[in-house]
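*Asks:* I would like to see how this sequence folds:
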Amino acid sequence: MTTLETIAHKHKANVLAMGGTVELARVNRAPRHDGSYHVEPARDGGWLLIVTERGREWERTHFADNDALLYRLARDAASRLAGQYELANRVGAQDSRRIWFARKLELIGLLSDDWRERLAAEIDGILAQAPYDDEPLEVLSAPHPARDWLVGGSVVAMLLLGWALAHLPLWFAYDLERDLDARGVPLEASVISSTSSRPKIGTTYHLQYAYDVAGKLFETREVVSETIGKGFAAGDTLPIRYDPDEPERSLVDGNMRFARLVTIYSGIDALLAFVILGGLWGWWRRRNL
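*Replies:* I've put the predicted structure just below:
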């Protein structure tokens, strides 16, 4: 019977043969909840590839044999390597998929002719639905009266998108506190470690704790204020609340993570606003002198 260790060893050899790194060849054996996959043995002797993020399962694919699983792992690795290659060798207005697909086929072909034919069939299916879209260079390079406005608008839109993405931790903290306030279950957790730091806004404590829900052990790390975290040491019990629907989501009782993040982000936003408005004011003065 093939073990997961054997699968990982073969996949590592495949990735290295394609010019990838050991890190790219890693096969996770347990969920990491960061959007990556992990592999588990299936009850029928096959394999399961499962993708999880923030405690939610986004994909569960069954593979009946080793070859099918190894092909999927190799295809994903080849896709990342081909994406890096395309970025470094991009050609003007050419559809980026031309280089990307060609490189993927080349890399997979280093491992197996059968796999290359299988990937080629998959790519043909994609192109049947979404053919290559190559615009003529002269169309893209022709001057447009609204180009400056389009470029400026695009820059502003990208800045706003970056700003919104940077504030996602605020939403996650709010969502967690709201859910635990509504349906959180109180529980005593065991402190594993407690360390303190002294940032300019005040002392904070980093508490690592573990708790048991229905026989399953969960472990997490949380930043709390000095009022909450001071005095706790390894082995102490710590009052928490956890989400019964997603037990890996928990929060130390009284920890106002959202309010603390609002204070931090408000200061950063105020500084950014000052810098941006100062730059705009300088630009306006230069244009009107």
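
*Asks:* do you have the helices of the protein handy? List them.
*Replies:* Ranges of helices within the chain are 4-17, 66-88, 96-109, 113-129, 137-141, 147-166, 168-183, 226-229, 257-288, based on DSSP state H.

*Asks:* if you count contacts, what does the longest one end up packed against?
*Replies:* Right, the one you point to is helix 257-288. helix 168-183, strand 216-225 (3 or more CB pairs under 8 Å, 6 or more residues apart in numbering; DSSP states H and E). C-beta coordinates here come from the backbone N, C-alpha and C atoms, glycine included.

*Asks:* weakest of those in terms of mean pLDDT?
*Replies:* Of all the helices and strands packed on helix 257-288, mean pLDDT reaches its minimum on helix 168-183 (a mean of 84).

*Asks:* tabulate the CA atom coordinates of that one in CSV.
*Replies:* Output of helix 168-183 as CSV, limited to C-alpha atoms (Å, rounded to 0.1, in the frame of the first residue of the first chain):
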residue,chain,number,x,y,z
LEU,A,168,-9.6,43.3,6.1
PRO,A,169,-8.2,42.4,9.6
LEU,A,170,-10.8,44.9,11.0
TRP,A,171,-13.6,43.1,9.3
PHE,A,172,-12.3,39.7,10.5
ALA,A,173,-12.1,41.0,14.1
TYR,A,174,-15.6,42.5,13.9
ASP,A,175,-17.0,39.3,12.4
LEU,A,176,-15.4,37.1,15.0
GLU,A,177,-16.6,39.3,18.0
ARG,A,178,-20.1,39.5,16.5
ASP,A,179,-20.4,35.8,16.0
LEU,A,180,-19.0,34.9,19.5
ASP,A,181,-21.3,37.5,21.2
ALA,A,182,-24.3,35.9,19.4
ARG,A,183,-23.5,32.2,19.8
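
*Asks:* out of the helices of the chain, which is closest to Ala214?
*Replies:* helix 168-183 (16.0 Å; CB to CB).

*Asks:* what's the neighbour count on the nearest residue to Ala210 once chain neighbours are set aside?
*Replies:* Setting aside the residues directly before and after it, Ala210 is nearest to Glu219 in space (CB to CB, 6 or more residues apart in numbering), at 4.4 Å. By other CB atoms under 10 Å, the residues close to Glu219 number 12.
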